[in-house]
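Asks: here is my input; please provide its structure:
(chains A, B and C, ligands or ions: 2)
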Amino acid sequence: NRVFAFAHDEPHDTGYGFFADTFNAKLKQLSGGRFSIHEFPGAQLGQEPELAQKVRSGDIDFVINSTANTSTVVPQAGVFSLHFIFRDEAHLAKAVLDPSVNDLFREMIAANTTGARSLGLGTLGFRKCYAKFEVRNVGDLKGRKIRVQATKTEDRFFSAYGAVPIHMPIGQVYTSLETGLVDVAENGADIYRAQKHYEVAPVLSATDHEANNNHLWISDKAWKSLSPEEQGWITATFEYARGLTVPRSLAYDHAAVESLKQMGVEFFTGVDRQSFIDIATPIQEEQAQALGPYAVRLLGLVRKVTA
Amino acid sequence: MTYATWSAAVLSRKRPQLKWRGLDPLEFALIVLCGLLLAGFLLSELADVAFRILRRPWLEAQEFSLGFFVWGVFMGGALGVRRNDHFRLAASAELFGGGARTAIETFQQLVMIGVAGAMVWFGYLNFLTGFGSYLMPSLTPIAVLYAAIPVAGALIGLFSIEKLVNGWRRGFPDPEPEPPPGAELAAPPAQSGP
Amino acid sequence: MSGNETAIVVMCGLFLALGYAGLPVAFALIAAVVVVAATFTDLTIGSLMGQLFNGINELALLAIPFFLLVGELMTSARITPRLIALTQAMVGHLRSGLAHVVAVSCMIFGGISGSSTADTVAIGTVLMPAMREEGYAPAFSAALIAAGASIASMVPPSIMAIVYGAVGDASVGGLFLGGAIPGLMVCVGLMIYSYFFGAPGLRKRRASLFEFGTALRGAVLPLMIPVIIIGSILGGVITPAEAGMAAVVYALAVLLPIMNRGHFRHLPKDFAMAAVLYAIPLTAVAGASAFGWMLAYLGGADIIMGWVQGLGTTDARAILFFVAILFLIVGDFLDGLPAIIILMPVILSLEKLGHVNAVHMGVVVIVTLAFGLITPPCGIILLLSSSLAGVPFSRALRQSLPIYVVFVVVISVIILLPDTVLFLPRHFLPRAVGCFPRPHGGGYICP
Ligand code: NA
Ligand code: NA
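Replies: Ligands and ions are numbered 1, 2, ... in the order given. Below is the predicted model of the structure:
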């Protein structure tokens, strides 16, 4: 009987934990009880960039990484953080489940790193801007200091909107919003809630400018130790668990927004996304080219997916 | 001031019987390096805050700070081996004399050389994987930080060999009692707990 | 025992064996990790070496060099004596006056430096000779100075609090403020003890208002350092690292030019010595985090949950007493920072089980470990102060025994009366202790 180490940096009671549980049950079933996983949630074995290192060295068998953090290993994975490449949630869900997008993503990972491969994509939903005020259109970000993820792509887009991008660890965002060191921050609704940022930035605006996507790594060491049949169990388990997890994660996201509204957060849905899209669209192309050829092709495939 | 006055001011005087005078310039160079790394660390933190206040954020500042900090820790950690500054749970060897003393001190230095060897070889392998991983946002390979580990390992190995060889040649026990209290005020025996 | 449990036992045993064979803690930890990984697992040792790096790649730890540099500047530029002169004017006239001066000076210097070692050296080298002249037994002085210096690890800034916050995800600012009253309680406890049991010393007349004013004027500039550190953390915009940097900038740009301009040519030495100092604890942090990672990988978290559930209580006070006893024992055999890192999963499980406030838990752990700095066998601060006093450790230890009462009382009080810890953070950093703003209107609600 073999127990695989399966690590991520979210608490167990999240979409990631649901995925791990589903994965475990299905894997046991397909393997007739021979295979199972031991889940290490909550960054027990490290933060995402460290987990990415350890799956590549073969020290952890499975790791969930956001595509944003995957770009510390394969910078072209940053293509999934380009702004406004997903039209809406239906398009997002369809794109991350799309076979040709996944095939190309797996190929990109295989071609650009060693020691681990990707089983495929997933998503937690869209990121939104939050502040003490509504973000009605791109003009509302002009001259505003906004905390962004530390990548060149984010710097490029938010600068183009006229905002001043600032990098800081997530733990510092609360007081920075409180004291005005930053005016705006952006994240998924669950993080916004878990970090209590709503206390100091009570208006959540549905900018939905980019998605929080992720994928599942498996180490080459684990993969190559398996027979073709066993490898088939793993991929089938992944497809099964992901199929259940993507809608579940989006539902978690909606539930997070609902509970925030209950707590008195203003959820502003009337964002003029087109004012952002007009600026972002030409930059999508430029940034994909800066990232590399796979990024360009993935952008093309994502655009072609019809919801 | 000259090298002689500066080095007299900063070189450690603990356990001189275990040292090669020829390595004193290396200790001195490492001290200077650590001081510069701390100064660089201070400046990059300062610049980070200053540019942020001026609304022209220096987006790579945190990578610079981290670089100075990490190299400072590993170089200082290696330096601490030569200076005998590292915190110990017990001074067991000092309880004994003669052969037992030599045996314990030899064992300690052999383990240290083993650890140093592991830091050099496995740290080097880790350094190689660091070319496939990048610091955000500059996309600098994280190997530039990982490199500090094998380098520290090499220095630690050198300083441990120094102790072992000199201990066997001149004996491990300190020839005279500890320097008088206050002789090394600026560098108190460090500890790992505050 | 499962294979993993065997591996955990071997790893801990190997670490203690090497540690007590006299190997530096940092390297005993690394050796134990490497040997166990190679024999019991198929982990790559290379990535465990990477864990040394991951362990110090924590934002909060970046504060440590600055707080050590400030302490180094104070001592090396001879600014500490000005602080001591002020405490002389405040409490020097009491019975056993110099002993009171020690306690209060330790508290004040502890508000500038994050390290009890620095406190011991700064206060000990100035006051130890003076105490000897006035007829205090050197062993008594050594015990008192060591006990006083432990305060530096409780009151802000504190390296222990920084590491605890970094590893345990608790607010460093909250831990800083939470430790202030316990630190003050230890200071007062030491004064009470000295009043009744210290040598009478030379009775001095009370300082005149003029003398007090002169002493205050001499000390007011360095006294701004704690104000800057605490003020900037309370201000909220600033991380502990930036607060430390602000203190360094203040010391370089204001303090030195006014108080000791001639010292500037010694600055390179101060930077070099501070750099050597900060690397030492952080090397141990690096080794301990590789050790902690191995514990987690071997399933330590689940084993710990098993023990914790075996405790059979969810009473917060019982759990806190359990934690205090655990850390008293562990702190006797292990050094403070590695103890925090390695045992953090236990702390967090217990915290959840008893619904203990994270800052309350952290301060209890920190005060207990600060006490461990003066208990045998590895009472590092007592060791240092007895060597400064030139007395055998055993004699200083005997003089310390009655002082332990002070610590036991303080630890019990902060467990039984959580407000002694939580009062300050609730008022000044409410969010750090889990308070949330009232939905409508001002103020906070604290659970
Ligand atoms: Na302190
Ligand atoms: Na102790």
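Asks: helices or strands next to the strand or helix carrying C:His427 in the packing?
Replies: Take DSSP states H and E as the rule and C:His427 turns out to sit in helix C:419-428. In this structure, helix C:419-428 packs against helix C:172-197, helix C:358-372, helix C:393-416, with contacts taken as 3 or more CB pairs under 8 Å, 6 or more residues apart in numbering or on different chains; DSSP states H and E. C-beta: built from backbone N, CA, C; applies to glycine.
Asks: among the ones you listed, which is nearest B:Gln17?
Replies: helix C:393-416 (23.4 Å; CB to CB).
Asks: what's the burial count for the residue nearest to B:Trp71 when sequence neighbours are not counted?
Replies: Closest residue in space to B:Trp71, ignoring its immediate chain neighbours: B:Ala148 at 5.0 Å, by CB to CB, 6 or more residues apart in numbering or on different chains. B:Ala148 has 22 neighbouring residues, counting by other CB atoms under 10 Å in any protein chain shown.
Asks: I'd like the distance from the helix holding C:His427 to the chain centre, please.
Replies: The chain centre lies 19 Å from the centre of helix C:419-428; the measure is CA atoms, centre = their mean, to the nearest Å.
Asks: also stretch A:37-44?
Replies: Distance of stretch A:37-44 from the chain centroid (CA atoms, centre = their mean) equals 18 Å.
Asks: same check on stretch A:253-266?
Replies: Stretch A:253-266 sits 20 Å away from the centroid of its parent chain (CA atoms, centre = their mean).
Asks: right, is that stretch up against chain C?
Replies: Yes: using CB under 8 Å from any CB of the partner chain, stretch A:253-266 reaches chain C at A:Met263, A:Gly264.
Asks: show the average pLDDT along that stretch.
Replies: For stretch A:253-266, the mean per-residue pLDDT is 94.
Asks: one more: stretch C:288-295?
Replies: For stretch C:288-295, the mean per-residue pLDDT is 91.
Asks: torsion angles phi and psi at the most far-flung residue of chain B relative to its centre?
Replies: Within chain B, the residue lying farthest from the chain centre (CA atoms, centre = their mean) is B:Arg55, at 37.7 Å. Dihedral pair for B:Arg55: phi 60, psi 20, per degrees, to the nearest 10.
Asks: wait, it touches A:Ala163, no?
Replies: No: counting by CB atoms under 8 Å, B:Arg55 stays clear of A:Ala163, with 10.9 Å between them.
Asks: in the stretch 201-307 of chain A, which residue sits nearest ligand 2?
Replies: Closest residue of the stretch 201-307 of chain A to ligand 2, CB to the ion: A:Ser219 (41.8 Å).
Asks: likewise the stretch 201-350 of chain C?
Replies: C:Asp332 (4.6 Å).
Asks: name the element that residue belongs to?
Replies: According to DSSP H and E, C:Asp332 maps onto helix C:316-333.
Asks: next SSE after that helix?
Replies: Moving toward the C-terminus from helix C:316-333, the next helix or strand (DSSP H and E) is helix C:336-354.
Asks: in that following helix, what counts as buried?
Replies: Of all the residues in helix C:336-354, those buried under the rule 16 or more other CB atoms under 10 Å in any protein chain shown are C:336-351, C:353-354.
Asks: follow-up on the earlier one: by how many degrees do the helix holding C:His427 and helix C:358-372 diverge?
Replies: 130 degrees (axes from the mean of the first three to the mean of the last three CA atoms, to 10 degrees).
Asks: which residues touch helix C:419-428?
Replies: Identification of contacts with helix C:419-428 by CB atoms under 8 Å, 6 or more residues apart in numbering or on different chains yields C:171, C:173-174, C:177-182, C:185, C:234, C:357, C:359-360, C:363-364, C:413-414, C:432-433, C:435, C:444, C:446.
Asks: same thing but 10 Å
Replies: Outside of helix C:419-428, the residues within contact range by CB atoms under 10 Å, 6 or more residues apart in numbering or on different chains are C:171, C:173-182, C:184-185, C:230, C:233-234, C:236, C:357, C:359-364, C:367, C:410, C:413-415, C:417, C:431-435, C:444, C:446.
Asks: contacts only, for the residue in chain B that chain A sits nearest to.
Replies: Taking CB to the nearest CB, chain A has its nearest neighbour within chain B at B:Met136, 4.4 Å off. Counting by CB under 10 Å, 6+ apart, B:Met136 touches A:49, A:68-69, A:71-72, A:75, A:78, A:149-152, A:154, A:167, B:59-60, B:62-63, B:142.
Asks: what sits in contact with each of B:Arg55 and A:Ala163?
Replies: A:Gly143, A:Lys145.
Asks: which pLDDT value belongs to B:Pro180?
Replies: pLDDT at B:Pro180 comes out at 48.
Asks: check which helix or strand the closest residue to B:Gly77 other than its chain neighbours maps to.
Replies: Once flanking residues are discounted, B:Gly77 sits nearest to C:Thr283: 3.6 Å by CB to CB, 6+ apart. Using DSSP H and E, C:Thr283 sits within helix C:267-297.
Asks: measure how far that helix is from the centre of its chain, please.
Replies: Chain-centre distance of helix C:267-297: 15 Å, with CA atoms, centre = their mean.
Asks: fine, thanks again, bye for now.
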